[in-house]
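Engineer: sequence-free structure coming up:
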């Protein structure tokens, strides 16, 4: 069932991505999505749509005492990180902040204009 749910999630990701976006599975249950020229609001909108659709699909596929959830970490920036690896590390750090914050949320770290603010949405 877990593998089926990962396939469903990958299809959900493809269905909500704007033109020019890139998505890939890093391994296990982690995916990376690269969006260019995108606002914080649009990132949160895409993440919220994915969380809602994932929750609906997971609740239909799994009968578990605890809900199967989707945690999302993201980074917005105006200066490119030094490498793709650094970019993935930044997103991964935001993801773990989302998980530590109670899971089933979006943590977006804003690295634009030399500010480093985090937005956590339930």
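Structural biologist: Received, thanks. Just so we're clear, the structure is a prediction, and the values are computed from it rather than from any experiment.
Engineer: can you give me the strands for this structure?
Structural biologist: Assigned strands in the chain, in chain order: 22-27, 30-34, 72-77, 106-111, 117-121 (criterion: DSSP state E).
Engineer: Dump those into TSV; add mean pLDDT as well.
Structural biologist: Shown next, in TSV, are the strands of the chain (pLDDT from 0 to 100):
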stretch	mean pLDDT
strand 22-27	89
strand 30-34	90
strand 72-77	89
strand 106-111	87
strand 117-121	57
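Engineer: Out of those strands, the one nearest residue 50 is which?
Structural biologist: Of all the strands of the chain, strand 72-77 sits nearest to residue 50, with 7.1 Å by Cβ to Cβ. For glycine as for every other residue, the C-beta is placed from the backbone atoms N, C-alpha and C.
Engineer: Flag every buried residue along that closest one.
Structural biologist: Applying a neighbour-count criterion of 16 or more other Cβ atoms under 10 Å, one finds 72-76 buried in strand 72-77.
Engineer: Could you dump the strands of the chain into a markdown table and include distance to residue 83?
Structural biologist: Shown next, in a markdown table, are those (distance: least, Cβ to Cβ, whole Å):
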| stretch | distance to residue 83 |
| --- | --- |
| strand 22-27 | 15 |
| strand 30-34 | 13 |
| strand 72-77 | 13 |
| strand 106-111 | 15 |
| strand 117-121 | 22 |
